[in-house]
Each structure stands twice: as C-alpha cells, then as structure tokens.
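Engineer: Fold the following and give me the result.
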Amino acid sequence: MTHGALARLRGVETLESAYDVWLELRVAHGAARLRFQEERERLEQQGSFLVGAVRAAGQERAASREAAPAESALVSADASMRDFLRQAEEKLSRAREVLAREEAESEASYQAAFEELRTTLQDRVGRYLAAAPPALRLLLRKVGATRAILHVERVSGDTPVLLMYLFTGRLPSRHGFLFDDSTEDVSLPPAPLYAEEGVVAGEVRPEAPALIARVRAPGPVLPVKGFLPIFVPRPGGGEDFFRLLQRGPVMEVEVAEGPGFRSILTREESERFAGHLLRLKLEGKLELEVEAG
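Structural biologist: Purely as a prediction, here's the structure:
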C-alpha cells in the first residue's frame, strides 16, 4: 500500500495530489490499525474460551473422580487435558508474536511513508513560496471612531496551504482545510480542529486558550479547519493570537479574548495586524493590497 502511494507522490508535483496521497495513506493506516486490533481481540477471545473450556472439563472430571476415585482412565484424561491446554497456549503465543511483529512492521512502514510525505510537502511549499509569494487583499471597515473590522478577500487553490506555512512554519493536515464547513452536529458550527494528528474526537471544539496551545504545540502538522492562525507580536513583548476565519467571500480577522474570539478590533489591534502583514510584504514573502472603506 505505502509503496504504491509514494510512487504516485513522487510522480506528480502538485500540492493537491500530494494531499490526496496523504489522505489515502491516513485512511489505509486507520484500517490497518483496526484490523490488527480486531485480530488481537480474536486471539484473546480464543485463549479465554479455551481456558474456560478446560476449566469446565476439569470440574466435570472432578465430579467423576469423586464418583469413581480409583479409575486410572480419569488420571490419563487429566494428563491429556493438560497437554491439550499447553499446546493450545503455545499455538496462541506464537500467533500473538507473529501478529505483534507484523503490526510493528506495518506501523513502521506507514510512519516512514508519512515522514517522506511531510518532507516532500514541506519542500514543495517552500519552493512555491519562493517562486511566487501569495497575494492578500486586506479590507478595512471602520466601526465608529476607534474600532474596525478587518476582512481579507477569499483565497483559493494552494494559497491557504502556502499561507499556513508562511504564518506558522507548519503544514495543514488537509489541502481544503480553509473551506471545510462540515460539521458532525448540525446544531453546532463547524469545529476548528480535525480529529487527527493527535487530536481526539472530544477535543475538536476547544476554547481559545486550548486552541492557542494546540497551535503552539510542536510538530510539523496543524489539523486546523476553517481558519488561518497568525501570532502578531505586541510592542511590549509577547504575542496576540489572531485568526482569519472563513466567512463566504471573505475571511474575517478575529483576535482571541478570554475563552473566545472577537471580530471588532481596536484601532491599535487592527493597525498592528496590518503592520504584521506589511512587514511580510516588505520582506518579499507576501503580496499585499490594503483598502480602507
């Protein structure tokens, strides 16, 4: 499985095709883990059943021995039953050892494939960024004299992946992460995280501090969904966490505050966010157009 997927990865240079291979490998890896788990459970069940059957046979023989304690056939039956149990346990032990070895080999193969895939994607993204920096159009909408709402025009294609790598130095776990508005519960908005890359199903809707901690956590991949994260330095030290949240034709700039986020920014926050993008433009990493409305 991994060899064929990696051959396709090496044969096509696009980012989306590489992500398609990644998703295929992720699905196959999950299926392989499930098969090994089911086989372990089957062997455990088989072993438990054999022990129970031998125990029941022993109880039956004990009752027969009380009725006829002198019969040598019962002694012989005891020995035969012990031999049967020993042979069965040895066979199960060998099967568990083979299963453990096959599982370890499978896991090593998948992890090596994931490592090559991530390295390949990082190399491609780096080359794409160097060849053609992504372009953003920042839209300022004033709210009174001292507050503002910032929008960024919707981007497309590989640009979300490139922006994620530019802003965080990390890869998103999926190519279409920014426009994914799917939800497992129609009564709730889409979750900001995917249940992958170390995130379990119960952790996909964290409050802002936990989401920030997840974004800050080390690792080459971020399983974020529906937004782009940006850390913007404060003049006195430290950073504020902003996110570009996908909303139809635009991305809305929000800043973390308490357990949530707010989209109405102070003048200082909006200027500092725009200044951060401007610095990236001056460094040749980003094309930026700013429009005040």
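
Engineer: contacts and neighbour counts: CA atoms only from here.
Structural biologist: Fine.

Engineer: The lengthiest helix in the chain: how far from the chain's middle?
Structural biologist: In the chain, taking DSSP state H as the definition, the longest helix is helix 72-131. Distance of helix 72-131 from the chain centroid (Cα atoms, centre = their mean, to the nearest Å) equals 23 Å.

Engineer: ditto for stretch 223-230
Structural biologist: Using Cα atoms, centre = their mean, the offset of stretch 223-230 from its chain centre is 13 Å.

Engineer: Next: stretch 40-51.
Structural biologist: 33 Å.

Engineer: low-confidence ranges in the stretch 101-250 of the chain?
Structural biologist: Within the stretch 101-250 of the chain, no stretch falls below the threshold (pLDDT under 70).

Engineer: Not counting its neighbours along the chain, what's nearest Phe167?
Structural biologist: Spatial nearest neighbour of Phe167, excluding adjacent residues (Cα to Cα, 6 or more residues apart in numbering): Ile230 at 5.8 Å.

Engineer: Pretty sure that neighbour sits against Glu239.
Structural biologist: No. Between Ile230 and Glu239 there is no contact, the gap being 9.6 Å when judged by Cα atoms under 8 Å.

Engineer: more crowded one of these two?
Structural biologist: Ile230 (23 against 12; other Cα atoms under 10 Å).

Engineer: contacts for the helix or strand harbouring that one?
Structural biologist: Counting by DSSP states H and E, the element that carries Ile230 is strand 227-233. When contacts are defined by Cα atoms under 8 Å, 6 or more residues apart in numbering, strand 227-233 is touched by residues 160, 163-164, 167-168, 177-178, 192, 215, 239-246, 272-273, 276.

Engineer: what's the very next helix or strand once past it packed up against?
Structural biologist: Proceeding N to C from strand 227-233, the next assigned helix or strand is strand 239-247, under DSSP H and E. Counting contacts by 3 or more Cα pairs under 8 Å, 6 or more residues apart in numbering; DSSP states H and E, strand 239-247 packs against strand 227-233, strand 250-257.

Engineer: can you rerun that using 10 Å?
Structural biologist: In this structure, strand 239-247 makes packing contacts with strand 147-153, helix 208-216, strand 227-233, strand 250-257, strand 260-262, helix 267-282, judged by 3 or more Cα pairs under 10 Å, 6 or more residues apart in numbering; DSSP states H and E.

Engineer: Let's have those in TSV, adding distance to Arg141.
Structural biologist: As requested, those are arranged in TSV below (distance: least, Cα to Cα, whole Å):
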stretch	distance to Arg141
strand 147-153	5
helix 208-216	24
strand 227-233	20
strand 250-257	11
strand 260-262	15
helix 267-282	10
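
Engineer: Mind giving me the packing neighbours of the longest helix of the chain?
Structural biologist: Helices and strands touching helix 72-131, as assessed by 3+ Cα pairs under 10 Å, 6+ apart, comprise helix 2-11, helix 15-67, helix 159-168, strand 171-172.

Engineer: What is the subsequent helix or strand relative to it?
Structural biologist: strand 135-143.

Engineer: List the neighbouring strands of that next one plus their orientation.
Structural biologist: The pairing partners recorded for strand 135-143 under DSSP bridges are strand 147-153 (antiparallel), strand 287-292 (parallel).

Engineer: Now do it and helix 159-168, the angle between them.
Structural biologist: Here strand 135-143 points in a direction 80 degrees away from that of helix 159-168 (axes from the mean of the first three to the mean of the last three Cα atoms, to 10 degrees).
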